[in-house]
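**Q** attaching a predicted model along with its sequence, questions to come.
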Amino acid sequence: MLVDWICLGLMAALVVDVFLGVFSRYVLHATFQWYDEVARLCFVWMVFLGAATAVRRGAHFRLHLLIDRFGRRARRATDLAVGLLVVGFGAVLVAGGIALWPVGGALMILFSIPQLWRLVAGRR
């Protein structure tokens, strides 16, 4: 699936980025300024996309030692409860993301307007 390939690409980018950061620090004795940010972004995207992939595959951690001892109906109820918890957690992530996204975008627009105005007015 496409998400799997994106995770693979992010992992490759993360490995190359961290290698370049270590190389620049210890061999060139001058650290690249950007490698830490790139590594952080790759890691965060990889975590969330990987979590979604794990949900799709049903590979999230469960207490099999306990759940496998339940009867068929109790196991089904537990699986249903876990599924609902995952959906609820996903909804919290989406709501938080929507709340943050317009604020960041609105601030970018707000902060860009004075810079654009100075450029248009010829003061810069």
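**A** Happy to help now that I have it. Numbering: from 1, shown residues only.
**Q** which strand or helix spans the residue positioned nearest the centre of the chain?
**A** Centroid check for the chain by Cα atoms, centre = their mean gives Trp45 as the closest residue, at 2.9 Å. Assigned by DSSP states H and E, Trp45 falls within helix 35-57.
**Q** could you do Phe32 as well?
**A** Counting by DSSP H and E, no helix or strand carries Phe32.
**Q** for this protein, which segments are assigned as helices?
**A** Ranges of helices in the chain, per DSSP state H, are 2-26, 35-57, 64-67, 72-121.
**Q** need the ones you listed in TSV with mean pLDDT, can you?
**A** Output for these, formatted as TSV (pLDDT from 0 to 100):
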stretch	mean pLDDT
helix 2-26	94
helix 35-57	92
helix 64-67	82
helix 72-121	84
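**Q** excluding its backbone neighbours, what's nearest Cys42?
**A** Nearest non-adjacent residue to Cys42, counting by Cβ to Cβ, 6 or more residues apart in numbering: Leu14, 4.1 Å away. Using the backbone N, CA and C atoms, a C-beta is placed for each residue, glycine as well.
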